[in-house]
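Undergrad: sequence plus the predicted model coming up.
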2 protein chains.
Amino acid sequence: MKIILDAMGGDFAPLEVVKGAALAAGQYPQANLVLVGDEGKIRSAVKEAGTVIDGLQIVHTTQVITMEDDPMSILKAKKDSSMGRGLRLLREDGDAFISAGNTGALHTGASLIVRCLPGVHRACIGTVLPFETPVLLLDSGANAAIQPEYLAQWALTGSVYASRILGVEDPRVGLLNIGAEESKGTPAVTAAYGILKQLSGIHFVGNVEARDVPFGKCDILLTDGFTGNILLKYTEGMGSMFFDLMKDMFYKNTATKLAALVVKKGLRQIRDTFDASAYGAAPIIGLAKPVFKAHGNADASTIASAVRQAVRYVEGGAAKAMAELAFIHTETEQ
Amino acid sequence: MKIILDAMGGDFAPLEVVKGAALAAGQYPQANLVLVGDEGKIRSAVKEAGTVIDGLQIVHTTQVITMEDDPMSILKAKKDSSMGRGLRLLREDGDAFISAGNTGALHTGASLIVRCLPGVHRACIGTVLPFETPVLLLDSGANAAIQPEYLAQWALTGSVYASRILGVEDPRVGLLNIGAEESKGTPAVTAAYGILKQLSGIHFVGNVEARDVPFGKCDILLTDGFTGNILLKYTEGMGSMFFDLMKDMFYKNTATKLAALVVKKGLRQIRDTFDASAYGAAPIIGLAKPVFKAHGNADASTIASAVRQAVRYVEGGAAKAMAELAFIHTETEQ
């Protein structure tokens, strides 16, 4: 299997991507890893890391998509970027692509170069909210405006992802809404409810209110990319705020500092509850072939764990299961 | 000034409403309080509370809007409900109305009976997110689907509320969005940005991302009622989850239980940070006359503090300042 890595994407590229690839190469010998990027810089990074990448292929490119670049630049102005080239390699004969670069460009490039599965109108970005019962949030930011049928398509593709990659048996699909009743929400959301309740192949549990999201009401949470992105970032913001408040509380005096020592381990566990990057790279779901978005500050171990996700995707039959969905896609149309 | 109370609204009505009215009557002698509801039940509650309500007027009604009632029932089937009657009294010669009853019915009734200020198309519900810098969230749930100009109208009316009632000088208005750039978000949100940046009479600070909401980036946060309601309820949900995790952490063993005792006061303060009801009743903003929604589980002190808000609204010139906004409303049209 051929897994392609964007060597130039992310805050610490190419060094951490190279180190991550070397790490993954040792762990997953069944994967042929391809590093796409500036060959000179990749070789320097290999040297700096003091590692070897003998078995790895390097595909040289001269351009890099920056965080400021317009997503559409991947198609024309920066066609030969590591990200653009990597996505074309994926389309031709790759099995998965991983990048820690510009999310918008990656989603746009993946949608237009790799393309969606037949019957899927838009690919979405999946992020796992790391609660006690983890929740796969779809869409977490790619599609601000939606059509009701997108949610149905994400319910189907997301269910395959959750069962094959996250290991959730018969994943429960919830619709993020402002009340339990079927009639609640915007016109798009109520229309989506109507499609979802009749859709076979998913385990739909109805509307889920935001206050219940952390408490295991569903395994997959469907929403538009605007609301999803706000939910995701608010999780981060609330987490930061909690820990600021805790810090103030525990740094008050000697007694409180001693109290902090007693619960140190527990505090670390709670902090992890708010760390969405704990679940590795975010999959772009609904594409003909899998693309994973690693966090911008990805280090070697994050890159290696993204390779693990990609390997699991290919070996676990997710690709095949996704392709089979194409046969039932007409059901999602209104 | 005449302040009207829905004696039958809320989980503990009429007892707690009656007790709250008696409490407020002592504190705000300048207010003429009117209790609307079943007179027999109100008199029984007075007896049960062991209080007196000599100076208070009672307006007898026979119907009650329940939490299950359709919001529109306030106009026809339950025209003589305490809520419907109270809103008509407000329209006729009242100065403010307070209810702890069905939010949807209250918003619908207020919009159709009391009506919006000239130039305001829809009234919104304001809730204060009680962070270190409190944030007035508009809309927190009344209007799931919006037009861009609604946000501009709420920016104007919300600014009057924040300065006159919450005491915020020159309140900073932020637009909840999924990025800092003007082009981000749904078509409605980018259109709203275009109107807001040119609107005089407000202090617009641009887009605010959800992760920054707890950290004092704005005093007023504008969003549609769908996203706003989700943000509000997620604040509650995250708060509950956090305290569940803390409880588990501190109940582990004797050492952790002792540690909990040391930081007990600090923990209580943090808990209050998530208590949206700490800021009293939620105003319905944009109406010709003020209506306040007290929390469903309101007790006597919550009701009394809602009366304080209403008194401040009338005495602080908020009503006059709102009415003056009518002259500049055309600016909010696209």
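TA: On my side now, so go ahead. No experiment lies behind these values; they were computed from the predicted model shown. Residues are numbered from 1 along each chain as shown, chains lettered A, B, ... in the order given.

Undergrad: what's the neighbour count on the closest residue to A:M67 other than its chain neighbours?
TA: Residue nearest to A:M67 in three dimensions, not counting chain neighbours: A:N102, with 5.4 Å by Cβ to Cβ, 6 or more residues apart in numbering or on different chains. Heads up, the C-betas are built off the backbone N, CA and C, glycines and all. A:N102: 27 surrounding residues under other Cβ atoms under 10 Å in any protein chain shown.

Undergrad: over to A:I53?
TA: Counted with other Cβ under 10 Å, the neighbours of A:I53 add up to 19.

Undergrad: bridging residues for the most centrally placed residue in chain A?
TA: In chain A, the residue lying closest to the centroid (Cα atoms, centre = their mean) is A:A282, at 1.1 Å. Using DSSP bridges, the beta-bridge partners of A:A282 come out as A:K293.

Undergrad: so what's it up against?
TA: With contacts defined as Cβ atoms under 8 Å, 6 or more residues apart in numbering or on different chains, A:A282 is in contact with A:I125, A:G126, A:T127, A:S140, A:F292, A:K293, A:A294.

Undergrad: in PDB, list the C-alpha atoms belonging to stretch A:274-287.
TA: The C-alpha coordinates for stretch A:274-287 follow below in PDB (Å, rounded to 0.1, in the frame of the first residue of the first chain):
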ATOM      1  CA  PHE A 274     -10.200  18.700  26.000                       C
ATOM      2  CA  ASP A 275      -7.400  17.800  23.700                       C
ATOM      3  CA  ALA A 276      -9.000  17.100  20.300                       C
ATOM      4  CA  SER A 277      -5.600  16.300  18.800                       C
ATOM      5  CA  ALA A 278      -5.400  13.200  21.100                       C
ATOM      6  CA  TYR A 279      -7.300  11.200  18.500                       C
ATOM      7  CA  GLY A 280      -4.800  11.800  15.800                       C
ATOM      8  CA  ALA A 281      -5.400  13.300  12.400                       C
ATOM      9  CA  ALA A 282      -8.800  14.500  11.200                       C
ATOM     10  CA  PRO A 283     -10.100  12.400   8.300                       C
ATOM     11  CA  ILE A 284     -11.700  14.100   5.300                       C
ATOM     12  CA  ILE A 285     -14.700  11.900   4.900                       C
ATOM     13  CA  GLY A 286     -16.600  11.200   1.700                       C
ATOM     14  CA  LEU A 287     -13.700  11.200  -0.700                       C
END
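
Undergrad: list the buried ones in that stretch?
TA: By 16 or more other Cβ atoms under 10 Å in any protein chain shown, the buried positions in stretch A:274-287 come out as A:F274, A:A276, A:S277, A:Y279, A:G280, A:A281, A:A282, A:P283, A:I284, A:I285, A:G286, A:L287.

Undergrad: likewise stretch A:100-119?
TA: Neighbour-count burial for stretch A:100-119 flags A:100-111, A:113-114, A:116-117, A:119 (criterion: 16+ other Cβ under 10 Å).

Undergrad: cool, and stretch A:116-131?
TA: Neighbour count says stretch A:116-131 has A:116-117, A:119-120, A:122-131 buried, by 16+ other Cβ under 10 Å.

Undergrad: which of these sits closest to chain B?
TA: Nearest to chain B among those is A:F131, at 7.0 Å by Cβ to the nearest Cβ.

Undergrad: does the closest one sit in a helix, a strand or a coil?
TA: Three-state assignment for A:F131 (DSSP: H, G, I helix; E, B strand; the rest coil): coil.

Undergrad: so it touches A:C218, yeah?
TA: No - contact between A:F131 and A:C218 fails when scored by Cβ atoms under 8 Å: they sit 10.9 Å apart.

Undergrad: I'd like the contacts of A:A282 as JSON lines, with pLDDT appended.
TA: Listed next are those as JSON lines, based on pLDDT from 0 to 100:
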{"residue": "A:I125", "pLDDT": "97"}
{"residue": "A:G126", "pLDDT": "96"}
{"residue": "A:T127", "pLDDT": "94"}
{"residue": "A:S140", "pLDDT": "95"}
{"residue": "A:F292", "pLDDT": "97"}
{"residue": "A:K293", "pLDDT": "96"}
{"residue": "A:A294", "pLDDT": "95"}
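
Undergrad: in these, find the pair that's most separated.
TA: Distance extremes for these: the farthest pair is A:S140 and A:A294 at 14.3 Å, using Cβ to Cβ.

Undergrad: tell me how far A:I3 lies from chain B.
TA: Distance from A:I3 to chain B, counting by Cβ to the nearest Cβ, to the nearest Å: 30 Å.

Undergrad: may I have the beta-bridge partners of that residue?
TA: Applying DSSP bridges to A:I3 gives these bridge partners: A:L33, A:A96.

Undergrad: now for it: which residues touch it?
TA: Contacts of A:I3 by Cβ under 8 Å, 6+ apart are A:31-34, A:94-98, A:307, A:310-311, A:314.

Undergrad: go again using 10 Å as the cut-off
TA: A:21, A:24, A:28, A:30-34, A:90, A:94-98, A:290, A:292, A:306-307, A:309-311, A:313-314 (Cβ atoms under 10 Å, 6 or more residues apart in numbering or on different chains).

Undergrad: same check on A:V168?
TA: Contact analysis of A:V168 by Cβ under 10 Å, 6+ apart lists A:T133, A:P134, A:L136, A:S159, A:Y161, A:A162, A:D219, A:I220.

Undergrad: buried subset of those residues?
TA: Neighbour counting with 16+ other Cβ under 10 Å marks A:P134, A:L136, A:S159, A:Y161, A:A162, A:D219, A:I220 as buried within the contacts of A:V168.

Undergrad: next step: the buried residues of stretch A:274-287 restricted to helices.
TA: Assigned to helices by DSSP state H, none of the buried residues of stretch A:274-287 qualify.

Undergrad: closest one to chain B out of the residues you listed, please.
TA: A:F274 (8.8 Å).

Undergrad: measure that closest one to B:R211 for me?
TA: Separation of A:F274 from B:R211 (Cβ to Cβ, to the nearest Å): 11 Å.

Undergrad: same thing with A:G94?
TA: For A:G94, the distance to B:R211 - Cβ to Cβ - is 34 Å.

Undergrad: more neighbours, the two?
TA: A:G94 (22 against 19).

Undergrad: and the top helix by length along chain A, what's buried?
TA: When chain A is parsed with DSSP H, its longest helix is helix A:225-250. Judged by neighbour count using 16+ other Cβ under 10 Å, the buried positions of helix A:225-250 are A:225-239, A:241-242, A:245-246, A:249-250.

Undergrad: just stretch A:140-147 next, same as before
TA: Residues A:S140, A:G141, A:A142, A:N143, A:A144, A:I146, A:Q147 are the ones in stretch A:140-147 that count as buried (16+ other Cβ under 10 Å).

Undergrad: would you map the strands across the stretch 51-200 of chain A?
TA: For the stretch 51-200 of chain A, applying DSSP state E, counting those that start in this stretch gives strands covering A:57-60, A:96-99, A:124-129, A:135-138, A:172-177.

Undergrad: which one of those lies closest to A:T254?
TA: Smallest distance to A:T254 across these (Cβ to Cβ): 36.9 Å, for strand A:124-129.

Undergrad: ok and the closest one relative to helix A:225-250, angle-wise?
TA: Angle, strand A:124-129 to helix A:225-250, by axes from the mean of the first three to the mean of the last three Cα atoms, to 10 degrees: 20 degrees.

Undergrad: quick one: mean pLDDT for whatever helix or strand A:A24 lives in?
TA: In this assignment (DSSP states H and E), A:A24 forms part of helix A:15-27. Helix A:15-27 shows a mean pLDDT of 95.

Undergrad: could you list the contact residues of the stretch 1-150 of chain A toward chain B?
TA: Neighbours of chain B within the stretch 1-150 of chain A, by Cβ under 10 Å from any Cβ of the partner chain: A:G104, A:F131, A:E132, A:G141, A:N143, A:A144, A:A145, A:I146.
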